[in-house]
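Participant: need coordinates for the below:
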Amino acid sequence: MAEEPSAKRHHGKTSDKRTLTGVELHDKETLEIVCTSEPDKADEMMSRLRMKGGGLYSSFIGVDVEYTSEYEPPRMAAVLQLCVEELCLVYHIAAATKWPKRLKQFLQEEKLYTFIDFSIGGDKRMLDKSGLETNPNNFIDMQRKWKDPTTNKYYDSLADVAGGVIHPFYKGMKKKIEKKEDHKLWGTSPLPDKLIEYA
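Facilitator: Now for the predicted structure:
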């Protein structure tokens, strides 16, 4: 199968290829985060995610998308994050020159796993705009399915739900980056560590 160029702005040579291990969460929980813009490394990580999530029972893969700055149009998907348990792939779309071979098939999966995102409308639109269609029958929007019983909001934020359900540590997760200034950096390469950890 020929490698397909991505339908986005190209930034030339790929540059992101870092692994952050032992990224601390709550109660000594840690993550292994692989940030890459290299298609082969992303394919390798998707194989690891699939093996981790594809046991006897169907499992869940967390998904999130970060976008290029709204102040520098056209606004596009800049980062795709896929996570199973403590293993996360941060695929830096904005620095990549072509799609990983397995990515489109991975996002279309119907039986092995289900994708979970939070407020997925914008993420799906940005992925579609970038040429990555998702399987609409295999995505769950946690914002619509789960409510933090301690809030009175119509829709809770990801920080509300994660802080109320998983651990209070997550209540402040959105405060770890400067919303306006740091969001301008999603399209740059290499990504700063704090954005990789945030993703």
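Participant: what is the longest helix of the chain by residue count?
Facilitator: helix 39-53 (DSSP state H).
Participant: Ser59 and Lys111 touch, don't they?
Facilitator: No. Taking CB atoms under 8 Å as the definition, Ser59 is not a contact partner of Lys111, at 11.2 Å. (Glycine included, C-beta is placed from N, CA and C.)
Participant: more neighbours, those two?
Facilitator: Ser59 (16 against 8; other CB atoms under 10 Å).
Participant: tell me what that one is bridged to.
Facilitator: Beta-bridge partners recorded for Ser59 (DSSP bridges): Tyr113.
Participant: ok, now how distant is it from Glu197?
Facilitator: The gap separating Ser59 from Glu197 is 23 Å, by CB to CB, to the nearest Å.
Participant: same thing with Pro136?
Facilitator: 30 Å.
Participant: and these two? Which one has more around it.
Facilitator: Neighbour totals were compared for Pro136 and Glu197, and Glu197 leads with 20 against 8 (other CB under 10 Å).
Participant: give me the element the more buried one is part of.
Facilitator: In this structure, Glu197 sits in helix 193-198 according to DSSP states H and E.
Participant: elements contacting that helix?
Facilitator: Where contact means 3 or more CB pairs under 8 Å, 6 or more residues apart in numbering; DSSP states H and E, helix 193-198 is packed against strand 17-24, strand 30-36, helix 179-183.
Participant: hmm, 10 Å instead?
Facilitator: strand 17-24, strand 30-36, strand 59-67, strand 77-84, strand 87-92, helix 179-183 (3 or more CB pairs under 10 Å, 6 or more residues apart in numbering; DSSP states H and E).
Participant: give me the mean pLDDT for it.
Facilitator: Averaging pLDDT along helix 193-198 yields 72.
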